[in-house]
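Novice: with the sequence up front, the predicted model follows.
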Amino acid sequence: MSAAAELSTPLPADWRDFLALTKPRVMSLVVFTGLCGMLAADVPAHPVIGFTAILCIALGAGAAAALNMWYEADLDARMKRTARRPIPAGRMDRQAALHFGVGLACFSVILMELAVNRVAAAVLAVSILFYVLVYTIWLKRRTPQNIVIGGAAGAFPPVIGWAAATGDVTLLPVLLFLLIFLWTPPHFWALSLFVRSDYAAAGVPMLPVVAGERTTRQHILLYTLPMGASAIAPWPLGLAGAFYGIVASAFSLVFVGIAVQVWRNRATEPAAMKPEKRLFAFSILYLFALFGALVADRMWLA
Amino acid sequence: MTDPRDEELRRRQKSRAIVMAVLLAAFVVLVYAITIAKMTINR
């Protein structure tokens, strides 16, 4: 085969590359929060229907991730962290990623509608469209507030899980949505502080790139306060018991404590950004601990 | 002697076909389980 012919007919992508398109590690947090939203609901879901709902949430998140990689292939190629993803590394063409993402998104929403219920399917569709159209295509390259509004997309899974079990959306899933929505900016800004050069090279207007480290650290601290309030809120509102209330209060206090350390840090070199790295690691533990505590509280201690 | 590119093409097609078959089989089982679950719930 000639060199020209080889270029015109690239090899089909390996199935592992399609799996990589779905960002399996991000999916684990999505599946966990979706499952917790479902388990915290007043009505227990049938195991098979519950499994199907979680599968649809995972597939929907995978589809959104694939469409994100399809649209951002040029950005990914310019960042060390993402340059080895299937499209920028040349292992897959963009059209295959687009077809895979759209197909998976339609499949997940249709299966949710047919097997679970219409409310869960509608929220799943909105979350995929929000992540792809509002965050990836509209905001990410235009505003340093990209992560604030885009974070809403990652806040949908507990609402979908709840809707899958009950068929409606009440105050508790809305508070869980608010918790993840307010948690996302400090979580990502902590990361973007110590990988700033990567975002700068790609031309993404992340807050540290546009407004500097000092402003970013102030924003991180400011966001942790309403985040902590929305985390503790289910307890005084009578939607969760004392066990959840104490866990949420303790973890939120530690979160705010580390955010204060971040706020006081003046380092500009990633090597001296220990509080930022600590905050990023703790923020993941925080979400797992709070959602785990909520399920334990509502399932076994209520 | 076969072209190494053709060999790689066949290998990828084969592995994708196997993964597709496994996923289809899993989907058939899932649809069956959903049907039984729906019948149980509506009884």
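Specialist: Everything's here; your move.
Novice: report the contact partners of residue A:108.
Specialist: In this structure, residue A:108 makes contact with A:56-57, A:59-60, A:63, A:124, A:128, judged by C-beta atoms under 8 Å, 6 or more residues apart in numbering or on different chains. C-betas here are computed from N, CA, C, even on glycine.
Novice: sorry, wrong one. I was asking about residue A:64.
Specialist: A:101, A:105, A:127-128, A:131-132, A:153.
Novice: if we ignore the residues flanking it in sequence, what's nearest it?
Specialist: Ranked by C-beta to C-beta, 6 or more residues apart in numbering or on different chains and with sequence neighbours excluded, the top spatial neighbour of residue A:64 is residue A:131, at 4.3 Å.
Novice: again with residue A:98
Specialist: With sequence-adjacent residues excluded and distances taken as C-beta to C-beta, 6+ apart, residue A:98 is closest to residue A:70, at 4.7 Å.
Novice: SS state for the one you found?
Specialist: The local conformation at residue A:70, judged by DSSP: H, G, I helix; E, B strand; the rest coil, is helix.
Novice: what's around it, how many residues?
Specialist: With neighbours defined by other C-beta atoms under 10 Å in any protein chain shown, the count for residue A:70 comes to 22.
Novice: hmm, it is touching residue A:93, no?
Specialist: No - contact between residue A:70 and residue A:93 fails when scored by C-beta atoms under 8 Å: they sit 10.0 Å apart.
Novice: touching both of these two, which residues are there?
Specialist: The contact lists of residue A:70 and residue A:93 share residue A:87, where a contact means C-beta under 8 Å, 6+ apart.
Novice: around chain A, pick out the residues from chain B.
Specialist: By the criterion of C-beta under 8 Å from any C-beta of the partner chain, the positions of chain B lying close to chain A are B:3, B:5, B:8-9, B:12-13, B:15-16, B:19, B:30, B:33-34, B:36-38, B:40-41.
Novice: any of these buried? List them.
Specialist: Burial by neighbour count, 16 or more other C-beta atoms under 10 Å in any protein chain shown: within those this picks out B:12, B:30, B:33-34, B:37.
Novice: just name the closest of those residues to chain A, please.
Specialist: Nearest to chain A, judged by C-beta to the nearest C-beta, of these is residue B:37 at 3.9 Å.
Novice: about what we covered before: out of the contacts of residue A:64, which sit inside helices?
Specialist: Filtering those for membership in helices, criterion DSSP state H, returns A:101, A:105, A:127-128, A:153.
Novice: of the residues you listed, closest to residue A:179?
Specialist: Within those, distances to residue A:179 taken as C-beta to C-beta reach their minimum at residue A:153, with 14.7 Å.
Novice: my guess is that closest one meets residue A:133, correct?
Specialist: No - proximity of residue A:153 to residue A:133 does not meet the contact threshold set by C-beta under 8 Å, at 9.9 Å.
Novice: neighbour count: those two, which is higher?
Specialist: The neighbour count for residue A:153 versus residue A:133, taken as other C-beta under 10 Å, is higher for residue A:153 (26 against 14).
Novice: got phi/psi on residue A:256?
Specialist: With angles defined as degrees, to the nearest 10, residue A:256 sits at phi -60, psi -40.
Novice: narrow the contacts of residue A:108 to just the buried residues.
Specialist: With burial judged by 16+ other C-beta under 10 Å, the buried subset of the contacts of residue A:108 is A:56-57, A:59-60, A:63, A:124, A:128.
Novice: out of those, which touch chain B?
Specialist: Checked against chain B using C-beta under 8 Å from any C-beta, the buried ones among the contacts of residue A:108 yield no neighbours at all.
Novice: just put those residues in JSON lines and tack on secondary structure, distance to residue A:83 and pLDDT.
Specialist: Compiled in JSON lines, the buried ones among the contacts of residue A:108 are given as follows (DSSP: H, G, I helix; E, B strand; the rest coil; distance: C-beta to C-beta, whole Å; pLDDT from 0 to 100):
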{"residue": "A:56", "secondary structure": "helix", "distance to residue A:83": "31", "pLDDT": "98"}
{"residue": "A:57", "secondary structure": "helix", "distance to residue A:83": "29", "pLDDT": "97"}
{"residue": "A:59", "secondary structure": "helix", "distance to residue A:83": "26", "pLDDT": "97"}
{"residue": "A:60", "secondary structure": "helix", "distance to residue A:83": "27", "pLDDT": "97"}
{"residue": "A:63", "secondary structure": "helix", "distance to residue A:83": "23", "pLDDT": "97"}
{"residue": "A:124", "secondary structure": "helix", "distance to residue A:83": "31", "pLDDT": "97"}
{"residue": "A:128", "secondary structure": "helix", "distance to residue A:83": "26", "pLDDT": "97"}
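Novice: thinking again about what came up before, now the contacts of residue A:108 in a markdown table, with distance to residue A:168?
Specialist: As requested, the contacts of residue A:108 are arranged in a markdown table below (distance: C-beta to C-beta, whole Å):
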| residue | distance to residue A:168 |
| --- | --- |
| A:56 | 18 |
| A:57 | 17 |
| A:59 | 23 |
| A:60 | 19 |
| A:63 | 25 |
| A:124 | 15 |
| A:128 | 21 |
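Novice: what's the offset of stretch A:240-251 from the middle of its chain?
Specialist: Relative to its parent chain, stretch A:240-251 has a centroid offset of 23 Å by C-alpha atoms, centre = their mean, to the nearest Å.
Novice: quick one, what contacts the residue of the stretch 201-302 of chain A found nearest chain B?
Specialist: For the stretch 201-302 of chain A and chain B, the shortest gap (C-beta to the nearest C-beta) falls at residue A:299, measuring 20.6 Å. When contacts are counted by C-beta under 8 Å, 6+ apart, residue A:299 touches A:39-40.
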